[in-house]
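# coords please:
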Amino acid sequence: MSEKILEKLKTDLETAKETNDLTLSNIGQIVKEATSKIVQELKFNKEMSEDLADDVMCTVTATLKELGEDTKENIKVSSEAVIDGVNETLKKQYHEKNQKLQEIHNTLSKEIKKDMAETIDNVEEVSELSFDVLKKAVSNAIKAAKEVLEDKK
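Numbers count the residues shown, from 1 in each chain. This is a model prediction of the structure:
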């Protein structure tokens, strides 16, 4: 999949050159978008990050060289855009996963509190409250929370 994105990166740079729009800002934007797409579509890890940076920079430098635009400034902005693309995309993915975890936590907490309250309310005398009764209530609450989470999928 990254090959298609790298090819589009090359095409976008060529198009920008043809339309006299190959500015530092535009180069950075094109490289950053391509990097972000690759990070989003592939399972990202340390080894892949090195390959990704290498692939994107090889594509960019080769394309800029073909276009006669392989200046120090263009290469620098491209390398910064690769780093920014990776960082921003990973932050977004982390934020999305964190939100899902928070939702799961809230659902579990709500269910456990509800089931515990119902269990305690159903006990006629305090002496009936035992570890086993509370353990069963927690178990039922977890089971109910799992069902609620499955329904949300």
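# give me the helices and strands touching the top helix by length along the chain, please.
Identified as the longest helix of the chain according to DSSP state H is helix 72-122. Judged by 3 or more C-beta pairs under 8 Å, 6 or more residues apart in numbering; DSSP states H and E, the packing partners of helix 72-122 are helix 24-41, helix 46-66, helix 131-152. The C-beta positions use only the backbone N, C-alpha and C, and glycine is treated the same way.
# can you pull up the most central residue in this protein?
In the chain, the centroid-proximal residue (C-alpha atoms, centre = their mean) is Gln93; its distance is 1.7 Å.
# just the helices and strands packed on helix 72-122: most buried one?
Highest mean neighbour count of the helices and strands packed on helix 72-122: helix 24-41, a mean of 20 (counted as mean count of other C-beta atoms under 10 Å).
# CA atoms only for that one, dumped as CSV, please.
Extracted in CSV, the C-alpha atoms of helix 24-41 (Å, rounded to 0.1, in the frame of the first residue of the first chain):
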residue,chain,number,x,y,z
LEU,A,24,8.7,25.1,0.8
SER,A,25,5.3,25.2,2.4
ASN,A,26,3.7,23.1,-0.3
ILE,A,27,6.5,20.6,-0.3
GLY,A,28,6.1,20.2,3.4
GLN,A,29,2.4,19.7,3.1
ILE,A,30,2.7,17.1,0.4
VAL,A,31,5.3,15.1,2.2
LYS,A,32,3.5,15.4,5.6
GLU,A,33,0.2,14.1,4.0
ALA,A,34,1.9,11.2,2.4
THR,A,35,3.7,10.3,5.6
SER,A,36,0.5,10.5,7.6
LYS,A,37,-1.3,8.2,5.1
ILE,A,38,1.4,5.6,5.3
VAL,A,39,1.4,5.7,9.2
GLN,A,40,-2.4,5.4,9.2
GLU,A,41,-2.6,2.4,6.9
